[in-house]
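**Student:** predicted coordinates and the sequence they were generated for:
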Amino acid sequence: MGGPLTITGVSYAALAAKAHALAAAGARGHVHTTPPGCLITGSPRRAIVLEATDEGIVYGFFDDQPIEDRAKPLAILLHGADSVPGDHETLEPASAAVNTMADRMRAGKGHFHILNPVCLANPNPGRWTILFEDVELGVLESASDERPLADIRLVERLIYA
Ligand SMILES: [Zn+2]
Ligand SMILES: [Zn+2]
C-alpha cells in the first residue's frame with residue numbers, strides 16, 4: 001500500500017447521505033473502516049472512509065469512538081448484501097491465506113481491508129486484494145483476479161462482529 005489517501009473530512013450525516021446518493025445513482029463507491037494508525041488514513045483517529053470512485057473523491061468521517069456499527073449499513077448498501085453475512089449464516093471455507101490472517105486478527109494482532117480492483121489503496125490495481133495490517137508481521141496480502149466472495153464474507157463478518 002502507498003501512503004495515506006487524500007481524504008475530505010465530513011460529518012457522519014454527510015458521509016451517509018453521500019453513500020445513499022451513490023447507491024441511488026448506481027455510481028461506484030465503497031467504504032473502509034479504519035482504526036487508529038491505519039495506512040489508509042495515516043490518522044490517530046478512527047474513520048469511515050468512502051471512496052466515490054466515479055467522482056475521484058475520498059470522503060472520511062473521523063471519530064474517536066468505535067465506528068463499525070455506523071459503517072455496517074453503508075457497507076451493505078455499497079458492497080452488496082451478499083458480501084456482509086448475517087450473524088447466523090454459515091460461511092463457505094475461506095482461502096488458507098485469509099484464514100491465517102483471520103487467526104491473527106482473533107489474536108488481536110491487526111486489522112483487515114477488502115480492496116476492490118478500483119480501490120485507491122489497492123497495491124494490486126485491477127485485482128482484488130485482501131490486506132491485513134499486522135502489528136508484528138507488517139502488511140500481509142492475498143490477491144486474486146476473481147472477486148473472492150468466501151474471503152470477503154469472512155472478513156466482513158470479522159470487521160463487523
Ligand atoms: Zn488499515
Ligand atoms: Zn478503497
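**Tutor:** Looks like it arrived, so ask away. Ligands and ions are numbered 1, 2, ... in the order given.

**Student:** residue 149 contacts residue 84, doesn't it?
**Tutor:** No: shown here, residue 149 and residue 84 do not form a contact pair, counting by CB atoms under 8 Å, at 11.3 Å. Placement of C-beta: from N, CA and C, glycine included.

**Student:** looking at those two, which is more packed in?
**Tutor:** Per other CB atoms under 10 Å, whichever of residue 149 and residue 84 has more neighbours is residue 84, with 19 against 14.

**Student:** for the more buried one, give me its contacts.
**Tutor:** 72, 75-76, 153, 156-157, 160 (CB atoms under 8 Å, 6 or more residues apart in numbering).

**Student:** ok, now with 6 Å
**Tutor:** Taking CB atoms under 6 Å, 6 or more residues apart in numbering as the criterion, residue 84 is in contact with 75-76, 156.

**Student:** restricted to buried residues, select those residues in ChimeraX.
**Tutor:** A single ChimeraX command selects the buried members of the contacts of residue 84 (16 or more other CB atoms under 10 Å):
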select :75,156
